[in-house]
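dropping the sequence and predicted coords here.
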Amino acid sequence: MTTEPERTDRASSRRGASLLFGLGGLLLALAGCGGGATEAGQGDYWQGYVEGDNVFAASSQGGSLVRIAVEKGQAVKSGELLFELDPEPQALQVEQARERVAQAEARLADLERGVRPSELAAIEARLAGAKSALGRARADLERRRELFESSGPDVVSKEEIDRFAAEVEVDAFNVASLEAELETARLGGRSGAVEAARREVATLRIAQREAQWALDQKRVTAPTAALVQDTLFDVGEVVPAGRPVVSLLPPGGVLVRFFVPQSALPTLAAGDSVQVRVDGLEGEFQARIRFITTEAEFTPPVIYSRESRSKLVFMVEATPEPDALARLHPGQPLEVRPGAR
């Protein structure tokens, strides 16, 4: 059996639920009326935020971080040193490559130069001795022929003349051989050997440049003038190859990113001008659309809009005018209105 107090409590609960339901309906109706606030032509703005297109400085080589030359918030110029990694083992590889090139160049020079001057002098001396021996042999042969003709075979036999003639031939062959050896020595190495040595030197020089390039990668400089946003490693830590160590924000890296519904998309095109307002900054500034995404997406959580929370939108990026860049900071919320094309 239900008592009177219980019936009173239930009646109060029903009246409370009816009141909440009525308030909920009123809020939904108000939300429906404000749903067009983000669409140009029906409301006054699209929502967005300032985005920073950072440049991440990294080395193609890994190693221990020995120096960070910049701090957060520091302005750097193009070519200014950002950080250094331990130069080893690349420094050793450069030295080894340099020694290999020097050895190959010495071998090439030796082939192109031919034999040493002292070796040439020795060949020339041997040639002179061979020519002298040839001269004596010819003179001896000539005298024996004259004796054979004047005195006959009783003084000089035919066999003796033949023997001296054979000695002349041997000495003449020695002279010809030494003359050819001397000419070859003066010419230097064979063309094939010289060409192979030249190719070896060229290959080793390429390896030396590659080793020097790898060593140079241990010192990383700013690719452009920028503001240091963050340093991602501490001195002493080992940095893997390709991992960013310093994050930079170049002046042209600040952009306006906002989101428009599908109904407003046909009214926008790359190159169009829009008006931008940022909380805390007086007045508006212009930005020029540089990119409109081709795919729809859900409104990102950073855009706190109850009306457009569940709608599909298209992302648009615009480049602010130069005078406004210094006043903008990534993450700032902003409002965008259509401007003149």
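Nice, I can see it.

surely F148 meets E159?
No. Using Cβ atoms under 8 Å, F148 is not in contact with E159, being 10.9 Å away. Every C-beta, even on glycine, is put in place using the N, C-alpha and C of the backbone.

in three-state terms, label A241 for me.
Secondary structure assignment for A241 (DSSP: H, G, I helix; E, B strand; the rest coil): coil.

show me which of F148 and E159 is the more surrounded one.
F148 (17 against 8; other Cβ atoms under 10 Å).

what's the following helix or strand after the helix or strand hosting that one?
Using DSSP states H and E, F148 falls within helix 117-151. Per DSSP H and E, the first helix or strand lying C-terminal to helix 117-151 is helix 158-187.

pLDDT wise, what is V175 at?
V175 is assigned 88 on the pLDDT scale.

run through the residues that contact it.
L127, A130, K131, L134 (Cβ atoms under 8 Å, 6 or more residues apart in numbering).

report the separation between A137 and E124.
20 Å (Cβ to Cβ, to the nearest Å).

scratch that, A109
From A109 to E124 the distance is 22 Å (Cβ to Cβ).

what's the answer for W213, then?
With Cβ to Cβ as the criterion, W213 and E124 are 49 Å apart.

and the helix or strand encompassing Q96, what does it pack against?
Secondary structure from DSSP H and E places Q96 in helix 90-113. On a contact count with 3 or more Cβ pairs under 8 Å, 6 or more residues apart in numbering; DSSP states H and E, helix 90-113 meets helix 191-216.

residues contacting the helix or strand just after the helix it packs on, please?
Next along the chain after helix 191-216, taking DSSP H and E as the criterion, comes strand 219-221. Contact with strand 219-221 is made by 57-59, 78-85, 245-246, as judged by Cβ under 8 Å, 6+ apart.

in strands only, show me those residues.
Within the contacts of strand 219-221, residues falling in strands by DSSP state E are A57, A58, L81, L82, F83, E84, L85, V245, V246.

farthest-separated two in those?
Largest separation among the ones in strands among the contacts of strand 219-221 by Cβ to Cβ: A58 and L81, giving 14.6 Å.

and the ones in strands among the contacts of strand 219-221, which are buried?
A57, A58, L82, F83, E84, L85, V245, V246 (16 or more other Cβ atoms under 10 Å).

do you know how far the fourth one is from V235?
As for F83, its distance to V235 is 9 Å (criterion: Cβ to Cβ).

what's the overlap in contacts for these two?
L65, R67, I68.

report the buried members of these.
Listed as buried from these are L65, I68; burial here means 16+ other Cβ under 10 Å.

how near is the residue nearest the centre of the chain to G242?
A centroid search over the chain (Cα atoms, centre = their mean) returns S60, at 7.3 Å, as the residue closest to the centre. Here the criterion is Cβ to Cβ. By it, S60 lies 6 Å from G242.

can you check G271 too?
36 Å.

E200 against Q103, yeah?
No. Using Cβ under 8 Å, E200 is not in contact with Q103, being 9.6 Å away.

relative to R277, which of the contacts of V175 is nearest.
For the contacts of V175, the nearest to R277 is L127 (99.4 Å; Cβ to Cβ).

just checking, next helix/strand downstream of the helix or strand of the chain with the lowest mean pLDDT?
Least confident element among the helices and strands of the chain, by mean pLDDT, DSSP states H and E: helix 4-33 (a mean of 37). Past helix 4-33, further along toward the C-terminus, the next helix or strand under DSSP H and E is strand 46-52.

from the contact counts, what lies against that following strand?
strand 254-261, strand 312-320, strand 333-338.

mind putting those into JSON lines with distance to G152?
Shown next, in JSON lines, are the helices and strands packed on strand 46-52 (distance: least, Cβ to Cβ, whole Å):
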{"stretch": "strand 254-261", "distance to G152": "121"}
{"stretch": "strand 312-320", "distance to G152": "120"}
{"stretch": "strand 333-338", "distance to G152": "132"}
